[in-house]
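Asker: Fold the following, please.
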Amino acid sequence: MKKIINQSELARKIGVSPEYVRMLLSGRRKNAKRLEEIDAILVKELEGFFYTISKNKKTMKKKKR
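Answerer: Take a look at the predicted model:
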């Protein structure tokens with residue numbers, strides 16, 4: 001299964017280094033603003049992922065008929 005998003009992509013989207021993202025996610029660094037940005041990106045990515053799965057399920061059901 002393909003990853004939804006990786007740390008390098010998160011870093012690029014919020015304008016920081018991948019190492020800084022790793023430190024934020026591991027708790028070695030604290031920055032509420034950056035964590036909120038990461039949270040918003042992850043929510044958006046997951047919504048898109050589940051929308052795609054839902055859409056594919058509907059398409060597969062139509063093909064079975």
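
Asker: Mind jotting down where the helices sit in the chain?
Answerer: 7-14, 18-26, 32-64 (DSSP state H).

Asker: Tell me what angle the shortest one forms with helix 32-64.
Answerer: The directions of helix 7-14 and helix 32-64 differ by 120 degrees, with axes from the mean of the first three to the mean of the last three Cα atoms, to 10 degrees as the criterion.

Asker: tell me which residues in helix 7-14 are buried?
Answerer: Buried residues in helix 7-14, counted by 16 or more other Cβ atoms under 10 Å: 7, 10-11, 13-14. Quick note: C-beta positions are derived from backbone N, CA and C, even for glycine.

Asker: do the second one as well
Answerer: Taking 16+ other Cβ under 10 Å as the neighbour-count basis, helix 18-26 is seen to contain the buried residues 20-21, 24.

Asker: Give me the residues contacting that helix.
Answerer: Helix 18-26 has contacts (Cβ atoms under 8 Å, 6 or more residues apart in numbering) with 7-8, 10-11, 14, 29-31, 34-35, 38.

Asker: buried residues in stretch 41-53?
Answerer: So, applying 16+ other Cβ under 10 Å, buried residues of stretch 41-53: Glu45.

Asker: Tabulate the CA atom coordinates of that stretch in CSV.
Answerer: Written as CSV, here are the backbone C-alpha positions of stretch 41-53 (Å, rounded to 0.1, in the frame of the first residue of the first chain):
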residue,chain,number,x,y,z
ILE,A,41,-2.3,18.7,5.9
LEU,A,42,-2.8,15.2,7.2
VAL,A,43,-6.6,15.7,7.6
LYS,A,44,-6.8,17.0,4.0
GLU,A,45,-4.7,14.0,2.7
LEU,A,46,-6.8,11.5,4.6
GLU,A,47,-10.1,13.0,3.4
GLY,A,48,-8.8,12.7,-0.2
PHE,A,49,-7.6,9.1,0.5
PHE,A,50,-11.0,8.0,1.9
TYR,A,51,-12.9,9.8,-0.9
THR,A,52,-10.9,7.9,-3.4
ILE,A,53,-11.5,4.6,-1.7
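
Asker: What ranges in this structure fall below the confidence cut-off?
Answerer: 1-2, 57-65 (pLDDT under 70).
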